[in-house]
Every structure is written in structure tokens, then in C-alpha cells.
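In: What follows is a predicted structure for the sequence shown.
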There are 2 protein chains.
Amino acid sequence: MKNIIVAQSGGPTAAINASLAGVIRGAAKSQVYDKIYGAVYGITGVMDDHLVDLTEKFQPDSAEWARLYASPSSYLGSCRFRMPDAADQPEVYQQIFATLEKYNVGAFFYIGGNDSMDTIDKLAKYGKSIGSEIRFGGVPKTIDNDLVHIDHTPGYGSAAKYIAATMLEVAHDTYVYRQPCVTIVEIMGRNAGWLTAAAALARTAYSKAPQLIYLPEVAFSGEKFLADIRKLLETEHNIVVAVSEGIRDAEGNYITASDAVNDLFAHAQLSGVGKTLEQLVKKELGVKCRSVELSILQRCAAHISSETDLRESAELGEAAVRYTEAGNTGFMSSLLRTADEPYTYELKMAELSEIANMEKSIPRDWINTEGNDVTEALLRYMRPMIEGEAAVSYTAGLPDYEPINHLTGE
Amino acid sequence: MKNIIVAQSGGPTAAINASLAGVIRGAAKSQVYDKIYGAVYGITGVMDDHLVDLTEKFQPDSAEWARLYASPSSYLGSCRFRMPDAADQPEVYQQIFATLEKYNVGAFFYIGGNDSMDTIDKLAKYGKSIGSEIRFGGVPKTIDNDLVHIDHTPGYGSAAKYIAATMLEVAHDTYVYRQPCVTIVEIMGRNAGWLTAAAALARTAYSKAPQLIYLPEVAFSGEKFLADIRKLLETEHNIVVAVSEGIRDAEGNYITASDAVNDLFAHAQLSGVGKTLEQLVKKELGVKCRSVELSILQRCAAHISSETDLRESAELGEAAVRYTEAGNTGFMSSLLRTADEPYTYELKMAELSEIANMEKSIPRDWINTEGNDVTEALLRYMRPMIEGEAAVSYTAGLPDYEPINHLTGE
């Protein structure tokens, strides 16, 4: 029987370990595969022969498996390694395939985003070119939700749930005072506004916050932004604004680097978008303003993961194993939505070649005409993904996550 | 029968509504009091006769009561109103007492921090001076944990739990890469380091993070800070630093306004401590560095409140009602710890006069000699407060908090 190697890459998410747990479950169910090894620090762990045996440690549906499933960040560690072309650096491929042969590997799975899918694509093609029978499967992961050929990406739902819950809590915090106040929340997403759009899920029957949402898909105008706030302040005291870190002006310059802002603040580029807009509001509108940057918390807050997200992430990992059992290679396991309400979906395979180098933005008609809010269609798309709460156990008041001694050296 | 008015003041916390729920429960159990009114926007709600009737809406232990108990921020709204001396502005007192008489009030309760206890103190003294029989009770609240004559303050435990859980998640996020990296987490606390110290609770058998903790109680030296990090980087790749927003240099200047920093960055004061130290590390050590500011999230993240904190907050509210029933006025309900392990405590009354104008810092011997970490004694003090998880229900993927239509106008 052949063995499996699995690795994780790119930025951590709250669901990337659920995908790992899914691959492990797929391997355990398999009649084709025997052991499952994890490569530590992504593909570089394969190059360095730095593997850990996961076969016994995480028996599917054991307490350890359940804990891994709900733990944040990459249990196996990660890397930022851009796979060179085989024609340029064949030695990298030879090194990887040497490890794969050494461990009698039948399938390699890479859990990650764009770059990881590019790596899988290249490895699969190289494998074919040398007549190797090793299968290569990609398992998608990115909080940014910017992969094509998949309805949404694992990790996005949990980040969206954290963002929506946090925005609701920020709204509660904001409304306590009568004095006019603008609160700006800066959310991740350099090129796509999916994460920022999730802020709209925080709206309730008693709170419109966030009243304004600015996304990278629409050119940002500081004047329009100030006019939007000025108008709202005529009828409301507390304005909450969700803004993407990636907003750009009509010339395509990031707001923190644009002339308009630099005229105002000589060193604004030291700060992020939120802090910059906060200064703008204070200076131009003379109203109390504060900014909050959700930062890395939005990708690692596994104590409030979406159970829908974790379940799908595991299913995509498990499906990848099945697809290789059936002889497939050079694919990404993917998810096709079949209905919004009730939400249903199917698992399928997607072609890697188009995924690796493309990014999915929010369609313009899912953003309102003014470019400062999302539409009901986008809300309908997002809602199912934050449903359900991951079961996280606590010890001594803290979430009980899977220990990562192999990364910390403790 | 007489009635009760209750109000909330100061910055919101995750537990201030639990105290309100406690006062409501105390009123419901009382043989002395009939209706309970909430003043909207703190003491200004009493001055403006802006009250809501809470008697029927929150029957103790009903679903509504339980939801209020676990909801973040101040259900009744808040204010930043400094009570003038009665000799200077008697009309303010006359206005307040007119409302109290109008509603046939037997007791007024103010849930808040330093300033609110000062308000209660002044109202009680004024009441005595005019021969009023109205009782005045303070119920403590502040995430800062800086009130004297109480073991710890309601709201602190939930903030500490959020901070510890988040630090643990930041550690998981940080350890995924092999490249040296410094992560600086800026935590609230202008004059006292209690919140920042809670970061130490994140340490586990597999992770030392945060390896360094800087508190306002110890003069901060940029050179020592850089030396601390340089030394750790000799043996570790990932350094997590917890730093209080309130750290000051030996001359007492906030770090963001100190000469040392301003020489480096002309406009550093636009940013917070975390961003400033991030720039310092990058410039002086040439190592990857990022900073995270927990901001208002640490006081409003009720989805991960400490059940110990909520329970105690409610008990302190309920006890305040009992104390007035027994004829007391001009007190703050307080909590005396009787043992660390197992943790036990007693409720009692504390004198207001000393509480109003004092702040409690961390004792120097609960901080290590080097001034960059906490001691076991401080950990022992903090541990019981983050125990237990508040029961928060979810609807459509979001925490189901008590609606605040009276604040939002929806």
C-alpha cells in the first residue's frame, strides 16, 4: 500500500486544520492508502524531509481529531515558497520527488490558496512528464474568498462570522453615547472585498451598523466618503463604517499612499487605512472618530469559528483523497452551491490551471450603485457560511487547542 | 412601596449588563421595592427624566433576563458626566432629586467606575444633608481593574479572558513560519497594567508566548526593550510581546510622545504604542515585525465572556439592593477574596469616599525584577477570573444579544 503526505501553506486560517483533519479522515477510510505523513512548513518540509506521522495521532473522530479540527492556524506550519518552473530549477522537483519516493507516497495533498494551487499544478505536470504515478491534489484555503472555480473558500466563513459578530459588538459599544461618533473598522482584503462585505451580516432589526461599507472593487473618493458621513450625521448619532484595507482611489493608488491623504498627513503611510480615515474625519468634520483594525484576529479567532465552514473544509479535504483514489491528479477539490435557502451544495473537482493565477472579486452588481454598501444578493450569498458554532472545549478558561510543540520547540 | 432607579456609566464592558441584571433580580426579590426603572444615558437620564420601566421586561431568570445578563456594552447607555459639587451647582442636585421624588424612589444604583462612585458618594452626602431617605448604592464596573477596596472589578475577568484567548490564537498564528518574527500586541490600560498582565494567562505547556510583557507600572526603556528581543531571538524564532498602551519612559512621558521616538518618526504620535514599537524593531533589529491593537474589542467581546465574571457582576448588583434594604447608603458593593485555590470570596460593602479618587496599580512584587514579565503570584490572582464560559445563544450565526432600540432609534 502507498502512503500519503499532506502539507499546509500560505496564511493561517481558522479552518485550515479542519481540512487537514478531513484529509486524515479520508486516508483512514481509504483502502488504497496506508500511512499519512504531514510535511512541516509546507512544501519546504518535503524538500527538507521534515515529516511527522499523523496516522496514529489523529484517529478520525477521536478527541484529538476533533481538537485538531477546531484549532486555529496551520498545525503543520506554513511557508511562503514560490515553486520555480521545472525547466529553470529541476533540482527542486528532483528533491521533492526523492522524498515522495522515499516514503512510498501515492498521493500528495497541499492545503492552501493561489500559490499552493500553482505548486500542485506544477508538481502534477512534472509528475506526468516523468511518468510518475503519484497523484497531486489541492485543497482550497483562504479567508480572502478570492479563488475562482469554487463557490466560496474554506476559512472565509469563519473569518466572516468573526467579523460579523465583532461588528455587532462594536455597534453595541458605540451606541451607548449620545454624542455624535464615527467608528471606522478596517478589515482585511487587499484586492477583494469579501471579508469587508461580511460586516453587513452584523445588521439587526435594532441596528443598521455598519451604515457604510467601502470595498476595493469600487474606486474610493475621500470627498464622497466625507459627504456620506455628513449626510448620515444629519439623522443619526452613531455611524459605523466598514472599510477594506485595499481601497484605492480612481487612479488605483492605495488610499494611504494617495496624494490627497499625503497632503493632509506627511507620514500617514505609517498607518493603515482606518487610522488615515479617522484623521480625515476628525480634521474635516470635527466629530469624534475612532478606528479599529481587526488585523490577524479575523483569521485566527477559532473560538468563534463557523461550523458550516469547518464541516465543508473537512469535506473538501476528505474528497481530495477520494478523487486521487479514483486516479485523478492535478485538481483542486471544490464546492458548487446548488441553492441558497435552504443552503445546499455539491463537491466536485476543479481544474487547477485557471485557479492558480486568477482572483475573484465581488461582482459589481452585488455592490450598490453608490458604491458604499452591498446588495441583498450578496447578503444571500454570505448568510449560510456563518451558520453554526464550532464546538470548542475550554480548559482553565482558555480554548483547548491542539498543541504545536513541533513548531514551538517546547 | 418605593421604587428603584438604576443607571450605567463610563466605558462599556462585557459584564455591566450582568450587574444590571443583578440589580433587577435584587429588586424582584425585594419586599421593600416595587418597580425598577432604568435611566437612559447614565445620570443624565435622571436629570432629563428619560427612564424605561424594566420591571416586566426582565423577569429574573426569564429568557430576556438571561440575554441581558450575557449582552455586551451598556443596555441603558452611558454618559461622561462629572458630577459638580453641590455647593457650586445645587440645581443639578435639585433636578436629580426632583426626578427621584417624582418616581417615588427608595434607592438609586449607579453601575460604573471611579467617576460613577464619586457621583454616588456626592448624591448620598447631599441626600443626608437634606434629610432625604433615598438610599444610594454603587455597583463597581471597569475592565481596568483599578478600583481600590475590591479584590477585582466586574468586567475585568471577561476582558482578561478575551485577551488571554486572543493571545493564544495569536501565538498559534505566529508559530507557523520559520522566519524570525516579532508580534507586538497593544492592550488597554492607561495607568494600570492588569489587562496587559492577563496576556500571561495565554501561556501553555507548548507555547511561552507572550515572552515579554511591558506594563505602565515599570518605566519603559526602548534600549532595554530591544535588548530583550535581541536576546530572545538568539534561541527563538517567534517572539510575542504584550505591551500596555500606557507605558512611559523614566521621565513619565508616554512612549508615543517621548523624544526617543519622535527623533525616529516625526509623526509617530498619530499611531499607538504597538505601531511605534513595531517601527522601532524593524529599524533597529531589521527583523519582520507586526503589531496588533486589541482596541475596543477587549471590552465588548461578550461572545467569550467569563462566566465567573458575569456571575460575580450580577451578585454585586443584587447585593447592592439588599444593602439598601438594610438601610445603608453611600457604599459600593464589593468583593473580598478568601482563597485562591479553590477560589472563594465574600460580598461586602466598601466605603465610597476612598474609592472615588484612587487607582489600584499592580504591586511591584507581582512584576519580575527585570520589569518585563509578571510573577506567579499575579498569575494565581488572575486565574480564577477567566474560568467558565458565558452561555451565549446564536441566531443565524450571530450572538443573540438584547436589542437596544431605545439607543439606536430603530
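Out: Structure's in. What do you need? Numbers count the residues shown, from 1 in each chain, chains lettered A, B, ... in the order given.
In: who's in contact with the host helix or strand of residue A:274?
Out: Here residue A:274, judged by DSSP states H and E, is contained in helix A:273-285. Residues outside helix A:273-285 that contact it (Cβ atoms under 8 Å, 6 or more residues apart in numbering or on different chains) are A:182, A:184-186, A:222, A:225-226, A:229-230, A:233, A:241, A:243-245, A:247, A:254-256, A:261, A:264-265, A:268, A:287-293, B:270-271. Heads up, the C-betas are built off the backbone N, CA and C, glycines and all.
In: by how many degrees do that helix and helix B:273-285 diverge?
Out: For helix A:273-285 against helix B:273-285, the angle by axes from the mean of the first three to the mean of the last three Cα atoms, to 10 degrees is 120 degrees.
In: Now do the contacts for residue A:8.
Out: A:16, A:20, A:42, A:74-78, A:110-112, A:141, B:176 are the contacts of residue A:8 under Cβ under 8 Å, 6+ apart.
In: and of these, the nearest to residue B:122?
Out: residue B:176 (54.3 Å; Cβ to Cβ).
In: circling back: buried residues in the helix or strand just after the helix holding residue A:274?
Out: For helix A:273-285, the following helix or strand on the C-terminal side (DSSP H and E) is strand A:288-293. Neighbour counts using 16 or more other Cβ atoms under 10 Å in any protein chain shown place A:289-293 of strand A:288-293 among the buried residues.
In: In JSON lines: these, plus pLDDT and distance to chain B.
Out: Output for those, formatted as JSON lines (pLDDT from 0 to 100; distance: Cβ to the nearest Cβ, whole Å):
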{"residue": "A:289", "pLDDT": "96", "distance to chain B": "13"}
{"residue": "A:290", "pLDDT": "94", "distance to chain B": "8"}
{"residue": "A:291", "pLDDT": "95", "distance to chain B": "8"}
{"residue": "A:292", "pLDDT": "95", "distance to chain B": "5"}
{"residue": "A:293", "pLDDT": "94", "distance to chain B": "6"}
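In: which two in those residues are spaced the farthest apart?
Out: A:289 and A:293 (14.1 Å).
In: just to revisit the earlier point, take the contacts of residue A:8 and keep only those in helices.
Out: Secondary structure assignment by DSSP state H places A:16, A:20 of these in helices.
In: Could you identify which of the contacts of residue A:8 has the most neighbours?
Out: residue A:111 (36 neighbours; other Cβ atoms under 10 Å in any protein chain shown).
In: Skipping adjacent residues, who's closest to that residue in space?
Out: residue A:139 (4.3 Å; Cβ to Cβ, 6 or more residues apart in numbering or on different chains).
In: and that neighbour, backbone torsions?
Out: Per-residue torsions, residue A:139: phi -120, psi 120 (degrees, to the nearest 10).
In: you'd agree it is up against residue A:23?
Out: Yes: between residue A:139 and residue A:23 there is a contact under Cβ atoms under 8 Å: 6.7 Å.
In: can you list residues touching both of those two?
Out: A:109, A:111, A:317, A:320.
In: Which single one of the residues you listed is nearest to chain B?
Out: residue A:111 (12.3 Å; Cβ to the nearest Cβ).
In: Which stretches in chain A count as strands?
Out: A:2-8, A:33-39, A:51-53, A:105-112, A:135-140, A:181-187, A:212-214, A:238-244, A:288-293, A:331-339, A:344-351, A:394-395, A:398-399 (DSSP state E).
In: now the last one: how far from the chain's centre is it?
Out: Strand A:398-399 sits 22 Å away from the centroid of its parent chain (Cα atoms, centre = their mean, to the nearest Å).
In: Show me what that strand packs onto, helices and strands only.
Out: helix B:156-174 (3 or more Cβ pairs under 8 Å, 6 or more residues apart in numbering or on different chains; DSSP states H and E).
In: same thing with the longest one?
Out: Using 3+ Cβ pairs under 8 Å, 6+ apart as the contact test, the elements touching strand A:331-339 are strand A:135-140, helix A:307-325, strand A:344-351, helix A:352-355.
In: Buried deepest among these, which one?
Out: Greatest average neighbour count among the helices and strands packed on strand A:331-339 goes to strand A:135-140 (a mean of 29), per mean count of other Cβ atoms under 10 Å in any protein chain shown.
In: So which elements touch that strand?
Out: helix A:16-29, strand A:105-112, helix A:114-129, helix A:307-325, strand A:331-339.
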